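**Q** no sequence for this one, just the structure:
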């Protein structure tokens, strides 16, 4: 593979093919993080052409003003390619860090004693400041303190309201302001910091589609964010704390989507526990009808290499076989040397896995029982009918997106084409498995529903003359939450004659 010009050099990236009209060849979504290597308008367009379905803006880096142009660049794709775009703003969350050292760095010796206290004095090889009173309030003897992404491990021996005495179990070099993880206790900390509240307000004012909340520990952590969002964006809970696992079902119940954030989860838990937890989170999210994103270090080697390791490809494939809605790139697309290639590789892996004849059976290992509602029963029936009559697509009319989520939960073997009069709904569906959203005017009658479905299917290359499509809608029309119609129709090929839309 030929190396693309470095984004930092000012050269244009290698162009990719424009997305074909209609749904992509794969149903799993690709979420690409933007950063220094990928924030220009041209690069964002190239990533979209190469397979990115949605874009993540990491609020941990840079200031708000620098991201205004990034949001505008993403939205400009809508006019250029005729598709809704999807933006996720990822809040930093409460970052725990130790203080500074007199010499900038110390070496902690395994077996020695080390203290953390409230004093602002520069630290040394014996002590350092810990500027988080919540840890002093919650910590108990026996709890672990993980420093610098888990490279150093301390075990609490004794504690007071102002001082923690710990044994160094795994020593090493420790420098100023390194991060701290406390995996064994639930910390009495608000999920939103002042920075997060400011970033959240900025993000919803910019019209982003998803807000990701970091370091969720309990369902109550989502309440303030939900209140501040006030329905202007969907709320995604990042599962990266062991405490969240204990209340996983409750957390999934009160959010709109879930992310398996394997970075911090892999720091606070033994690495061998992360894969089964990933499968559990994906399975439970699917059962509960919430889109689920698998993230962190998926193609890590592509930060510096134009091709991934075989183990990384298998890791991505596993998430796809498990039925994850989306797979995410972090530093690979944000700051790496090969952002276009990393997106293209995600796209290629998704296409290859979904071409596997066993893929359909594997994603249905998770049994997603419908709720006892008419809408859920129709969604289950739509997937079965599409399979039985070899339909080309399931087309659903929705205002809120709930019908699309119900159908996508069934993981049908055909695209889920979503016709919605709300641009906000169309944009949010960019993280939902197998969906292809079209922003269009609503319909007011059954006949108009059928006619519009056929026109859209033909215009977007979804179906041709003689093909069947399955339709879902609610009567009376323009009434959210009224899904009660399931209809099968056949294309004639004449649907576009005499129609302007």
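**A** Looks like it arrived, so ask away. What you are looking at is a predicted structure, and each value in this text was computed from that prediction instead of being measured.
**Q** could you look up the SS state of residue 486?
**A** strand (DSSP: H, G, I helix; E, B strand; the rest coil).
**Q** so how many other residues sit close to residue 488?
**A** If you count neighbours by other CB atoms under 10 Å, residue 488 ends up with 14. Any C-beta I mention is one placed from the backbone N, CA and C, and that applies to glycine too.
**Q** so which strand or helix has the residue nearest to it when sequence neighbours are not counted?
**A** The shortest distance from residue 488 to any non-neighbouring residue, by CB to CB, 6 or more residues apart in numbering, is to residue 470 (5.5 Å). Per DSSP states H and E, residue 470 falls inside strand 468-474.
**Q** now do residue 154
**A** Residue-wise, residue 154 maps onto strand 152-160 under DSSP H and E.
**Q** partners of that strand in the sheet?
**A** strand 144-147 (antiparallel), strand 163-170 (antiparallel) (DSSP bridges).
**Q** quick one: buried residues of that strand?
**A** 152, 153, 154, 156, 159 (16 or more other CB atoms under 10 Å).
**Q** identify the bridge partners of the third one.
**A** To tie it back to what came earlier, the one meant is residue 154. residue 145, residue 168.
**Q** tell me the contacts of it?
**A** 114, 144, 145, 146, 147, 166, 167, 168, 169 (CB atoms under 8 Å, 6 or more residues apart in numbering).
**Q** please convert the buried members of those residues into ChimeraX selection syntax.
**A** Of those, the buried ones go into a single ChimeraX selection, burial set by 16+ other CB under 10 Å:
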select :114,144,145,146,147,166,168
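**Q** now residue 437: how far from residue 231?
**A** Distance of residue 437 to residue 231, computed by CB to CB, to the nearest Å: 19 Å.
**Q** that older thread, I'd say the residue nearest to residue 488 and residue 490 touch.
**A** No. Using CB atoms under 8 Å, residue 470 is not in contact with residue 490; the gap is 11.1 Å.
**Q** neighbour count: these two, which is higher?
**A** Shown here are residue 470 and residue 490; by other CB under 10 Å, residue 470 has more neighbours (28 against 13).
**Q** can you tell me how far that one sits from residue 486?
**A** 7 Å.
**Q** which residues are in contact with each of the two?
**A** Joint contacts of residue 470 and residue 486 (CB under 8 Å, 6+ apart) are 382, 385.
**Q** number of nearby residues for the closest residue to residue 367 other than its chain neighbours?
**A** The spatially closest residue to residue 367, leaving aside those adjacent along the chain, is residue 287, at 7.8 Å (CB to CB, 6+ apart). By other CB under 10 Å, the residues close to residue 287 number 15.
**Q** return the residues in contact with residue 287.
**A** By CB under 8 Å, 6+ apart, the neighbours of residue 287 are 366, 367, 368, 369.
**Q** okay, the angle between the helix or strand harbouring residue 418 and strand 468-474?
**A** Using DSSP H and E, residue 418 falls within strand 416-420. Note on geometry: by axes from the mean of the first three to the mean of the last three CA atoms, to 10 degrees, strand 416-420 and strand 468-474 are set 40 degrees apart in direction.
**Q** thinking again about what came up before, the strands paired with strand 152-160: which one's closest to residue 108?
**A** Residue 108 lies closest to strand 163-170 among those, at 4.9 Å (CB to CB).
**Q** show the backbone phi and psi for the residue nearest the centre of the chain.
**A** Closest residue to the average C-alpha location of the chain: residue 293 at 4.1 Å, with CA atoms, centre = their mean. Phi and psi for residue 293, reported as degrees, to the nearest 10, are phi -110, psi 130.
**Q** switch the buried residues of strand 152-160 over to JSON lines; also include pLDDT.
**A** As requested, the buried residues of strand 152-160 are exported to JSON lines (pLDDT from 0 to 100):
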{"residue": "152", "pLDDT": "95"}
{"residue": "153", "pLDDT": "96"}
{"residue": "154", "pLDDT": "97"}
{"residue": "156", "pLDDT": "97"}
{"residue": "159", "pLDDT": "94"}
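**Q** out of those residues, who's nearest residue 195?
**A** Once CB to CB is applied, the member of these that ends up nearest residue 195 is residue 152, at 26.1 Å.
**Q** gap between the nearest residue to the closest one once chain neighbours are set aside and residue 154?
**A** Spatial nearest neighbour of residue 152, chain neighbours left out: residue 172 (4.9 Å); criterion: CB to CB, 6+ apart. Using CB to CB, residue 172 is found at 11 Å from residue 154.
**Q** the nearest residue to residue 213 once chain neighbours are set aside: neighbour count?
**A** Sequence neighbours aside, residue 225 is the residue nearest to residue 213 in space, at 5.2 Å (criterion: CB to CB, 6+ apart). The local packing of residue 225 (other CB under 10 Å) involves 23 other residues.
**Q** same question for residue 226.
**A** Counted with other CB under 10 Å, residue 226 comes out at 15.
**Q** show me what the helix or strand harbouring it is packed against.
**A** Using DSSP H and E, residue 226 falls within helix 221-229. When contacts are defined as 3 or more CB pairs under 8 Å, 6 or more residues apart in numbering; DSSP states H and E, helix 221-229 packs onto helix 194-206, strand 210-213, strand 234-239.
**Q** for the last one, which strands pair with it and how are they oriented?
**A** Each strand that strand 234-239 pairs with, and the sense of that pairing, follows from DSSP bridges: strand 210-213 (parallel), strand 257-261 (parallel).
**Q** just put these in JSON lines and tack on distance to residue 199 and mean pLDDT.
**A** Output for the strands paired with strand 234-239, formatted as JSON lines (distance: least, CB to CB, whole Å; pLDDT from 0 to 100):
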{"stretch": "strand 210-213", "distance to residue 199": "9", "mean pLDDT": "98"}
{"stretch": "strand 257-261", "distance to residue 199": "17", "mean pLDDT": "97"}
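**Q** rewinding a little: of residue 437 and residue 231, who's got more company?
**A** residue 437 (25 against 9).
**Q** ok, for the more buried one, nearest residue in space, not its chain neighbours?
**A** residue 426 (3.9 Å).
**Q** one more: residue 267?
**A** Here the residue nearest residue 267, using CB to CB, 6+ apart, is residue 150, at 4.2 Å.
**Q** mind checking the SS state of that neighbour?
**A** coil.
**Q** equivalent analysis for residue 275, please.
**A** helix.
**Q** run a quick neighbour tally on it.
**A** So residue 275, with other CB under 10 Å, has 13 neighbours.
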